[in-house]
Each structure stands twice: as C-alpha cells, then as structure tokens.
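[1] with the sequence up front, the predicted model follows.
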Amino acid sequence: MFDIQRFNGVIYGADYNPEQWPREIWAEDARLMQEAGVNLVSLGIFSWALLERTEGNFDFGWLDEIMDLLHAHGVDVNLATATASPPPWFSLQYPDSRPVTADGVRLEVGGRQLYCPSHPALRDGAARLTRALATRYAQHPALKLWHINNEYGCHIDQCYCEHCARRFRAWLERRYGSIDALNGAWGTAFWSQHYITWAEIQPPRRAPTYANPTQQLDWRRFSSDNILELHTMERAILAEITPDVPATTNFLGFLPGLDYFRWAQEEDVVSLDAYPDPGSDLAHLDAGMAFDLTRSLGGGARWILMEQATSAVNWRLRNAPKPPGQMRLLNHLALARGASGIMFFQWRASRAGAEKFHSGLVQHVGQQRSRVWREVTAFGAELRRLTPLLAAGVPARVALMFDWHSWWALNIDSKPAALPLLPLVARWYAALKALGQNVDFVPPHGDLGGYDVVVLPNLYLMADETASALRAFVERGGHLVSGYFTGIVDAQEHIHLGGYGAPISDVLGLWVEEWDVLLPGQTNTVAWAGRDPVTVTDWCDVIHLQGAQAQATFTDRFYAGQPAMTRHTFGQGQAWYVGTELPPSALQGLLGEVLQGAGVPLTVLPAHVDLTVSALPEGAQVLHLLNAHATDPVSLRIPDGGVLFPGGEAAGTTLTLPPYGVTLVQYPQAVTVADVQVL
Ligand code: GAL
C-alpha cells in the first residue's frame, strides 16, 4: 500500500540525470535542490548502459555516491529499475531483441526504448538489473519509491516480430481454447480467412488491405497485456526484495497502446506524465482531463504528477514556453484533482542529446538569471504550506465512461466514418467542467453506484455485461446520457443485430435504423423546443422511438422530422440519447438539463475558469478556483463563510483572480457550486 507519510510533505522534485554532468556539478545540484524545496528525485531512468557495462557486470559506484549525496542533503530517491532503454551492446548482442514495425522493419540502435517486450534475453536482462538494484539499495535510507521502467509503450506499443507472434498465438489459445472458437470470434468465414492451425496466425502485419478487425483488436489487447507482463515481472522482484517500498510506473494519460484501467491494478500509486501544449488555450482542459483520468485509474486515490515541463518541451514542431504563472497554475490544477506529488522532467536542462532544448528547473542560463528558477523555488516554498491537501478527496457525482477496448475497436479501419475518440471525449468533458462539475472517468466494469449521472460520449464496443450495468444504473434512478455510434458491436467486434444500440435499446427507448454521415461542410439543423435551432455536423442517426420522447428533431434531409435527441424514463431513472454531433454550447445546454433533472447543482463558467471542489476529512470542503486566462482577470462571487486556504483570512463573497491566478477557499461544510458565479 502507498502511504504518503513516507515522504516529507507534498512530493516536489524531478527526473535527475547526474550521469550527464561532471561530479563538481553534483554537489551544487544537491544544494540547489534544497533551495528549491525538492524532496524527491527520480534517478537512473536511462542508466542501464552505465550500470551494466557488459552482461552481468555491474558498476554501481557512481550511483552509490549520488544516492549518499542526495540523502545527506535530505533529498529522497524514486529509484528507477533502469530498464527503459537497453544499452547498445545488448541490442547488438541480441539483434532480434530490437522491435519490428508492422512493415517488417527492425529498428536500429541510437534512440531509446529499443526492445521487443517478448524477447527472452530482454526479459532476463530486465530481471537481472532489477534484482541487482533492489538488492544493492534495499536498505538505503534515501530509497522511498521504485520507478519501474519508464513510460511503457510510449514509442513501442506493438512489436510485430516472431517472438511476439509466438506469444500472440499462446495468448489467443488461452483466450479461445480452440481454433474453431477463434475462427468464430474473428469471423474468418469472410475473405477466405479460415485458420486450420494456430501456427498460421500472424500479428496484423502490413497486409494487402484491411486486416481482420477482430485480429487487430485482439492484437491490441495482447500487446497491452504482453508489455504489462514485463512490468509485473519487475514489480514481483521488487516486492520480494523490498516489500515495504511502494512501486509505480509513469503513465501517459490517454495513451493509445495500454489499457491503463487494467495496468493501474498493478500500481501501488498511480503516476502520470503530462505535457499539455502551453501554447494552447485549452492546456488546462487537456491537463485536467488527464489528471481526472489518473485519479480515476487509482479508484479515487491521490496520485503523483511524475513528469511535466517547467516551461517548453523539445518535441513539438513549435515549442511554446510556459509564460510566467502558467506552471504554477497547472500544478495547482493537479493538486486540486488529487495529486500528492509535483515532479518535473528534468532537474537540469541537458547540454547534449535530443532533449537539450527541453526546459528544466535549472535552465542553461544557470539558476541566478532564470525566471523559471524563481518560479520553481517560489512554488516549492508555497507547496510546503499546502500539506493538508494530501488528505483531500475529489468527490464526483458525474462519471464519464471510457474504455480502451472500445477505443481500439473504434480506431480500426473500415467504419462509416473515422471518428477520433479523444476530441469527442474532450468536448463532453469540457462541457461538464464548464458546468462546474468534478468528473470521474469510469471503465465499463467500474462501480456506477456512487454517481448520479453517467455520460458515454461514445462506447462503440459494448459487452453484454456493460449493458446490464448501465441498465441497472438507470433502473435504480441514475441519469444516463449516450452519444451516437454507441452499443454497435460486442466484445468480438461483431454487430449487435436488431437496430443499432440494441444492447441498451430498452434503456434508451429507441432503436437506430441507419445513419447519415455528413461530409465536411455539410450540416443539418435541429429544432429544439424552447431554444434556437442548432446547426449540427458530422453524423445524424435515423432514430425510431420505442418509448422515449423526442427532445429535438432534425429539420433537413431524408429523416427530417425524426428525433435528434431523446429522453426516456426507465425504472427510477432517465436515459438521454444524442444522435448527432452538437456544437459545444448545445452540448453544454443539454448536459445542464440532465444535471438539473438529476438534482446535481451546477453553475456556468467560461472555458478559462477551472473549478474543483475537494473534500477534507470531517466535512470541510475547498473550492479550487483557477483563472487559466493568460491576460484577463476574472471576478467571481463565492459562497459566504469561507477562509483563504492556506492562511485562514476571511475570503468574503467576491474575489478577483488575476491572469493565471489561483485562489483556494475553505469552508467548514459542503459547498454547492451553484453558489459560485462569474461576475
Ligand atoms: C517523457 C519521458 C522523459 C522525457 C520527456 C520529455 O516522455 O519520460 O524521459 O523524454 O518525455 O518531454
């Protein structure tokens, strides 16, 4: 179990790569870390090549030295298992440990993450290094956390080599038991794809045309599970040697390749790397969505922001800096959404290598002349006063259902239209945030019991169990909102027959006969009682009611007069359906109606104002009010009776947040967001 008490207050620190610097810098680094308020650094993430110079021969001298130095300066260590990038000698000694792309290209030495997750020597090598590190540092007083590998699946989330092909077949045999069952699941009667033996089955390598969709979906599932095996292997070694030291691996939010709801079960604490584009007006929404996902992956537990940039990154085409104040704002956002730790990549900006233009706490100009340094030290000092937040929860009455399997299935080629899921999810998420809601993400198998409202922007793949869970949720009084192209296929990616949306057709009170995919530039119009007509794009369902009531209807094209949005009373609850792509204001209007109907308090906020309500023990609550606007202040009315947090001065009933301003207000009891208003 993870206990934040192991650490000295809110975790503050960075990836630290002392091996890139001469020894005289190390002492200065340790001193500067103290000055910045750093209490934890991640060490050794890319050190394999310097720790194991030839197979089985370890050199821990430099690591011993730096661990001792850090400890002497009161800085704890998040020690990497150092397996993120095998050394060149390894890749040359085991040439087939280099991963292969779908086109059959074996990748070359010179970058990072150059390994096939299935290769026996890679697995042995990772185990050997993990065991050696754990044994050597088990008793070291600086060791507080294990950092397993690094960003699994960031560059290589699928390897198409023969080792992987063999493991894929074994995975399929375990899943299906017989080749007949596989033929059934994959629908191989189509296009002469019937398999006689397991040996014929290949990864979905580059083929003349569309590879079998279920083969592609199972391949995604296998690839996530296969990489997870590497992780659980290392974790088991650490648990054996250092049972009291918690372990994590850094996630990447909405990373396409890994089913993080499954992965999170293997973490003592969930951690996240987040690099929203500082140049985007939506940086706080992108970051906030990843933060809410991360908390949700850990079942609501607090989590660690393991990496972010102090300012610019190096890997976009244009790398905007974080202007003064934005770093602090985004870190407050993380704390509001449940972070217990605020870490950066990296401590000292590199002098050489591909990331030399990536910001660090210590910039190339040196600390004395750097505004980034002034900001990180000021934030380090501020964090010391925020320790009570470590006990806060983030209670949500609204959940957004998200599923990697459905995302994989939706992304497979040959659909009515290419539907990128994340922008769609982001639009629904932004609408809920603009209504002042705390939002959880929930997987299809998650517990819906605590929520009043569950939204499914899209759940293309819906297993029968998911349909049952949604049915039970609405029957018991829950409010469900489903977007279009939901409930279309089962877990094998076969169509649910009998009208689209069939698995929850009874809950929604409708069936969908067909859809009208609109081309770029084409629109339809929706007439919505009591509101202005709404111009809609991309997709229009042809809906037939079967108990639901139309809330709005299409006015154009061959289904004019038929429903666009519906509402159905089912059991004690309500099920809403949105059969088209609404513009943001209309989506927000609809979700506002749903929240009102569900008795969930709401307010209406502009996109640059971020509100989170966190709950302290014994009933107190904190409003986290953030102005993400770079140049304009915002004034707010807030409930009476609050005190500024920390500090304790009376907060009054109005306040003004400057650009990138943050104010936390604590109340002795629960607050309602309806009492927060932008003036
Ligand atoms: C992360 C990675 C770090 C560094 C950083 C740069 O993906 O874990 O090692 O590369 O990005 O933004």
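    Sure, I can see it.
[2] mind checking the longest helix of the protein?
    helix 213-241 (DSSP state H).
[3] what's the helix or strand just after that one packed up against?
    For helix 213-241, the following helix or strand on the C-terminal side (DSSP states H and E) is strand 247-248. Using 3 or more C-beta pairs under 8 Å, 6 or more residues apart in numbering; DSSP states H and E as the contact criterion, the secondary-structure elements in contact with strand 247-248 are strand 143-147, helix 213-241. Using the backbone N, CA and C atoms, a C-beta is placed for each residue, glycine as well.
[4] strand partners (parallel or antiparallel) of the shortest one?
    If I follow you right, that is strand 143-147. Looking at strand 143-147 with DSSP bridges, its partner strands are strand 76-80 (parallel), strand 247-248 (parallel).
[5] is any residue of the shortest one near the ligand?
    No. With C-beta under 6 Å from any ligand atom as the threshold, strand 247-248 lies outside contact range of the ligand, at a closest distance of 13.1 Å.
[6] quick one: contacts for Val455?
    Residues near Val455 by C-beta atoms under 8 Å, 6 or more residues apart in numbering: 398-401, 428, 432, 480-483, 591.
[7] how about the residue minimising distance to the centre of the chain, nearest residue that isn't a chain neighbour?
    Note on the chain: the residue nearest the mean C-alpha position is Gly253, at 2.1 Å, using C-alpha atoms, centre = their mean. Excluding the flanking residues, the one nearest Gly253 by C-beta to C-beta, 6 or more residues apart in numbering is Ala290, at 3.5 Å.
[8] now Leu297
    Beyond its immediate neighbours in the sequence, the residue positioned closest to Leu297 (C-beta to C-beta, 6+ apart) is Ala264, lying 3.9 Å away.
[9] surely the one you found and Ser271 touch.
    No. Using C-beta atoms under 8 Å, Ala264 makes no contact with Ser271, being 10.3 Å away.
[10] quick check: the residue of the stretch 51-200 of the chain nearest the ligand.
    In the stretch 51-200 of the chain, the residue that lies nearest the ligand is Glu151 (4.5 Å; C-beta to the nearest ligand atom).
[11] give me the neighbour count for that residue.
    Neighbourhood size, Glu151 [other C-beta atoms under 10 Å]: 19.
[12] does it touch Gly257 like I think?
    No. The criterion here is C-beta under 8 Å, and Glu151 misses it with Gly257 at 10.6 Å.
[13] picking that back up, turn the strands paired with strand 143-147 into CSV, columns for mean neighbour count.
    Putting the strands paired with strand 143-147 into CSV (neighbours: other C-beta atoms under 10 Å) gives the following:
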stretch, mean neighbour count
strand 76-80, 26
strand 247-248, 24
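[14] which residues does Ser91 contact?
    For Ser91, the set of contacting residues under the criterion of C-beta under 8 Å, 6+ apart consists of 97-98, 109, 114-115.
[15] ranges for the helices of the stretch 351-500 of the chain?
    Listed in chain order, the helices of the stretch 351-500 of the chain (DSSP state H, counting those that start in this stretch) span 371-383, 404-411, 421-434, 464-475.
[16] how about the stretch 151-300 of the chain?
    With helices called from DSSP H, counting those that start in this stretch, the stretch 151-300 of the chain shows them at 162-176, 179-186, 213-241, 260-263, 283-297.
[17] picking up where we left off before, of the strands paired with strand 143-147, which is nearest Leu636?
    Distances from Leu636 to each of the strands paired with strand 143-147 were compared using C-beta to C-beta; the shortest belongs to strand 247-248, at 36.1 Å.
[18] quick check: residues of the stretch 251-400 of the chain near the ligand?
    For the stretch 251-400 of the chain, the residues in contact with the ligand under the definition C-beta under 6 Å from any ligand atom are 273, 275, 307, 313, 345, 355, 358.
[19] test my guess that the third one contacts Gly341.
    No. With contacts counted by C-beta under 8 Å, Glu307 stays clear of Gly341, the gap being 10.8 Å.
[20] okay, these two: which has more neighbours?
    Gly341 (28 against 22).
[21] break the chain into its domains for me.
    Domain assignment for the chain, taken from automatic domain parsing, gives 4-159+245-387, 398-597, 609-678.
[22] now tabulate the ones you listed in a markdown table and tack on mean pLDDT.
    As requested, the domains of the chain are exported to a markdown table (pLDDT from 0 to 100):
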| stretch | mean pLDDT |
| --- | --- |
| domain 4-159+245-387 | 98 |
| domain 398-597 | 98 |
| domain 609-678 | 97 |
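[23] tell me which of those domains lies nearest to Arg205.
    Closest approach to Arg205 among those (C-beta to C-beta): domain 4-159+245-387, 5.4 Å.
[24] ends of that closest one, how far apart?
    Between the opening and closing residues of domain 4-159+245-387 we find a distance of 11 Å, counting by C-alpha to C-alpha, to the nearest Å.
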